[in-house]
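J.: Structure for the following, please:
(one chain, ligands or ions: 1)
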Amino acid sequence: MNKKRSFFVTAIFISAVLVQTSNAQPLYREMYRPQVHFSPKEKWMNDPNGMVYHNGVYHLFYQHYPDSTVWGPMHWAHATSRDLVHWQHEPIALYPDSLGYIFSGSAVVDVNNTSGFGKDGKVPMVAIFTHHDPKGEKNGSDVFQNQSIAYSLDEGKTWTKYAGNPVLKNPGIRDFRDPKVSWYEDGKKWIMTLATLDHITFYSSKDLKGWVKESEFGKEAGAHGGVWECPDLFTLDDNGKKVWVLIVNLNPGGPNGGSATQYFLGNFDGKTFTASHADTRWLDYGPDEYAGITWANTGNRKIFLGWMSNWQYANVVPTKTWRNAMTIPRDLKLKHAGDKIIIASQPVPELSAIQSKPIVVQNVNVTRPVDLASKTGKITFPCRLNLALVEVKDLSLAIANDAGEEVVIGYDKKQNQYFIDRSRSGRSDFQKDFASRHIAPRFSDKGKMDLSLVIDVSSVELFADDGSTVMTEIFFPNKPYSKIRLQSTDNAVIKKLEYISFKSIWK
Ligand code: FRU
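T.: Residues are numbered from 1 along each chain as shown. Sure, this is the predicted structure:
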């Protein structure tokens, strides 16, 4: 090649590389990529699985299909964190095999080595999951979902499936899945809480390998607009009294359409769960928290995490290289509201690691629309907003861009409801019901009101009245949101407003 020609070829090569680099979006900087929420590096994600805290590490396994951005043969992917905020991706933990795909389930730390999987003093982590046989499903069998186990002796890095799988065979119920296992100290046995179509079936075991049926719950209780999935069973403290909580995810049939998480409070005696209320309760009223359950092995603290999407559109949302994220981890507590005891959720305090010092503004009168930046200086996303009012008044807060797109979050006094309206939030052409307004009851009967919002680039989580009402919503503006506008038709004054910017968890 002569000199001139070689110069020419090199120039073309360099400009091609430059064009490519400028077009490619850096990892975790892509359009719509959550900055303070966990999302997979690439490809498909749904339910959180096997969440367990062990030796200072929070393990998060999740439903994953590594070959596509739409749902397919399920694997358990794995991520770890020391602070519930920053996550490290680990190698895939469980691959599909001859018994089927690896559907949702849980993990326990078998401290007493009841399973016998422990070796040389190493405590086994045991995963309990559903084997879903797609061939059986296709052939019209009713017994294609069965429960299996696997163990790890190296902190969840590598897993060995038990040779005797499945450990719990399907008695003939098509939807027979998502085992959540926990240690029942009073009876010195493991309890498996299993979703079985339209109710929960409890099983018990001494060694995680042999399971005996204990009881059923729920055919006539709670919401039944769809199939019961992904349950959880644990206790929360009510002024020194132990209250049992049964979480049951439901799809479809949620309060705002599609997938959602309901819960029951009551008692569990080692055999039977009895609910203490007849009304239906939702942990999150928004459309975009699903399959939510809690971390195992965290002592008295109960930390909840949900998948931040809805089966109505999870497969078609307009993200390119990955699909879906998790909610912010939330601490669950019992709270008295009026004559009810309810579960309240709060973003975990560990978020302070990525929060800036709050900018505090007092007495913001929003009778006329107020552009928040005029009070706090430049608004950037992701961010957190805390609003406190000493009165209960109509209020709305719009997260907006200059293309006229917005998500409006607020409180409607006449209806005594919180709402999130994403009908003009941006892209919604992928599903007919996406562009809509969603509502949630206010439980607090106090004469004051507080709202805390975790706002990421494509989601908002509302925690109202100390977390008594929670709503999660995702959105996809054509241009990133850049401002926040506050308004009230009822002369509301925000007594105290805190604006906090978040650092990305991926930097
Ligand atoms: C819930 C769910 C589970 C199932 C998994 C399959 O979202 O349908 O019931 O185990 O997803 O990916």
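
J.: C-alpha only now, for contacts and for neighbours.
T.: Fine.

J.: What count of nearby residues applies to Ile500?
T.: 24 (other CA atoms under 10 Å).

J.: That one contacts Phe381, doesn't it?
T.: No: Ile500 is beyond contact range of Phe381, at 9.8 Å (criterion: CA atoms under 8 Å).

J.: need the residues of the stretch 201-350 of the chain near the ligand, please.
T.: Residues of the stretch 201-350 of the chain lying close to the ligand (CA under 6 Å from any ligand atom) are 229-230, 291.

J.: could these go into TSV alongside pLDDT and distance to Glu214?
T.: Below are those laid out as TSV (pLDDT from 0 to 100; distance: CA to CA, whole Å):
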residue	pLDDT	distance to Glu214
Glu229	98	19
Cys230	99	19
Ala291	99	24
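
J.: So which of those residues belong to strands?
T.: 229-230, 291 (DSSP state E).

J.: Can you tell me which of the residues you listed is nearest the ligand?
T.: Glu229 (4.7 Å; CA to the nearest ligand atom).

J.: Contacts only, for the residue lying closest to His89 once chain neighbours are set aside.
T.: The shortest distance from His89 to any non-neighbouring residue, by CA to CA, 6 or more residues apart in numbering, is to Ala79 (4.5 Å). Taking CA atoms under 8 Å, 6 or more residues apart in numbering, we find Ala79 in contact with 59-61, 87-90.

J.: Surely His131 and Leu99 touch.
T.: Yes: if you go by CA under 8 Å, His131 and Leu99 touch, sitting 6.1 Å apart.

J.: ok, these two, which is more surrounded?
T.: His131 (28 against 19).

J.: ok, that one to Tyr411 distance?
T.: 44 Å (CA to CA, to the nearest Å).

J.: Residue numbers of the chain in contact with the ligand?
T.: 47, 63, 103-104, 178, 229-230, 291.

J.: So of the residues you listed, which two are at opposite extremes in space?
T.: Gln63 and Glu229 (13.8 Å; CA to CA).

J.: more neighbours, the two?
T.: Glu229 (28 against 25).

J.: Please list all residues in contact with that one.
T.: 177-178, 195-197, 248-251, 291.

J.: Apply 7 Å and report the result again.
T.: By CA atoms under 7 Å, 6 or more residues apart in numbering, the residues touching Glu229 are 178, 195, 248-250.

J.: The residues you listed in strands, which ones?
T.: Counting by DSSP E, the contacts of Glu229 contribute 178, 195, 248-250 to strands.

J.: Quick one, which of the residues you listed are buried?
T.: For the ones in strands among the contacts of Glu229, a burial check counting by 16 or more other CA atoms under 10 Å picks out 178, 195, 248-250.

J.: okay if I get those residues as CSV plus pLDDT and distance to Phe268?
T.: Below are those laid out as CSV (pLDDT from 0 to 100; distance: CA to CA, whole Å):
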residue, pLDDT, distance to Phe268
Asp178, 99, 19
Ala195, 99, 16
Val248, 99, 15
Asn249, 99, 19
Leu250, 98, 21
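
J.: Would you map the strands across the stretch 351-500 of the chain?
T.: 359-365, 370-371, 383-389, 395-400, 406-412, 417-421, 437-441, 449-456, 459-464, 469-474, 483-487, 493-501 (DSSP state E, counting those that start in this stretch).

J.: Adjacent strands (with direction) for the fifth one?
T.: The one in question is strand 406-412. strand 395-400 (antiparallel), strand 417-421 (antiparallel) (DSSP bridges).

J.: could you give the angle of the shortest one to strand 459-464?
T.: Strand 417-421 and strand 459-464 are oriented at 170 degrees to each other (axes from the mean of the first three to the mean of the last three CA atoms, to 10 degrees).

J.: Send me strand 417-421 as CSV with only the CA atoms.
T.: C-alpha atoms of strand 417-421 as CSV (Å, rounded to 0.1, in the frame of the first residue of the first chain):
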residue,chain,number,x,y,z
GLN,A,417,-56.8,9.4,47.5
TYR,A,418,-53.3,9.7,46.3
PHE,A,419,-52.8,9.4,42.6
ILE,A,420,-50.1,9.1,39.9
ASP,A,421,-51.1,10.2,36.4
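
J.: Please name the nearest non-neighbouring residue to Ala435.
T.: Looking at Ala435 with CA to CA, 6+ apart, the closest residue is Ser423, at 3.9 Å.

J.: what residues go with each domain of this structure?
T.: According to automatic domain parsing, the chain is divided into the following domains: 43-347, 356-501.

J.: Which one, of those, ends up nearest to Gln35?
T.: Of all these, domain 356-501 comes closest under CA to CA, at 6.4 Å.

J.: where does the protein have low pLDDT?
T.: Scanning the chain for pLDDT under 70 picks out the ranges 1-23.

J.: And the residue nearest the centre of it?
T.: Centroid-nearest residue in the chain: Gly306, 1.4 Å away (criterion: CA atoms, centre = their mean).

J.: so Leu94 touches His75, yeah?
T.: Yes: assessed by CA atoms under 7 Å, Leu94 is found in contact with His75 at 5.6 Å.

J.: hey, what's in contact with both of these two?
T.: By CA under 7 Å, 6+ apart, the residues touching both Leu94 and His75 are Ile102.

J.: Now Tyr285: closest residue in space, sequence neighbours ignored.
T.: In space, Tyr285 is closest to Met471, 5.0 Å off (CA to CA, 6+ apart).

J.: And for the one you found, the neighbour number?
T.: 26.

J.: And Lys188, how far from Leu486?
T.: 54 Å.

J.: out of the two, which sits in the more crowded spot?
T.: The neighbour comparison of Lys188 against Leu486 (other CA under 10 Å) goes to Leu486, with 22 against 11.

J.: Can you spell out which residues form a bridge with the residue nearest to the more buried one when sequence neighbours are not counted?
T.: Sequence neighbours aside, Leu397 is the residue nearest to Leu486 in space, at 4.5 Å (criterion: CA to CA, 6+ apart). On the basis of DSSP bridges, Leu397 is bridged to Ile409, Leu486.

J.: from what I can see Leu397 touches Val407, true?
T.: No: when contacts are counted by CA under 7 Å, Leu397 is not listed as touching Val407 (8.2 Å).

J.: quick one on the thing from earlier: for the ligand, state which of the buried ones among the ones in strands among the contacts of Glu229 is nearest.
T.: For those, the nearest to the ligand is Asp178 (5.3 Å; CA to the nearest ligand atom).

J.: give me every residue that touches Ile293.
T.: Ile293 neighbours (CA under 7 Å, 6+ apart): 232, 304-306.

J.: For the helix or strand where it lies, which strands pair with it and how are they oriented?
T.: Element membership for Ile293, per DSSP states H and E: strand 290-294. Applying DSSP bridges, strand 290-294 is found paired with strand 303-307 (antiparallel).

J.: Which strands or helices does the helix or strand just after the strand it pairs with pack on?
T.: For strand 303-307, the following helix or strand on the C-terminal side (DSSP H and E) is strand 322-323. In this structure, strand 322-323 packs against strand 43-54, with contacts taken as 3 or more CA pairs under 7 Å, 6 or more residues apart in numbering; DSSP states H and E.

J.: Check the offset of the strand it packs on from the chain's centre.
T.: 9 Å (CA atoms, centre = their mean, to the nearest Å).

J.: go on, stretch 189-208?
T.: Relative to the centre of its chain, stretch 189-208 is centred 22 Å away, using CA atoms, centre = their mean.

J.: Could you do stretch 51-63 as well?
T.: With CA atoms, centre = their mean, you get 14 Å for stretch 51-63.

J.: For that stretch, list every residue counted as buried.
T.: 51-54, 58-63.

J.: which among these gets closest to the ligand?
T.: Gln63 (5.7 Å).

J.: Any idea what that closest one is bridged to?
T.: With DSSP bridges as the rule, Gln63 is bridged to Trp76.

J.: Would you format the ones in strands among the contacts of Glu229 as TSV with distance to Gly121 included?
T.: TSV is the format used below for these (distance: CA to CA, whole Å):
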residue	distance to Gly121
Asp178	30
Ala195	34
Val248	36
Asn249	37
Leu250	40
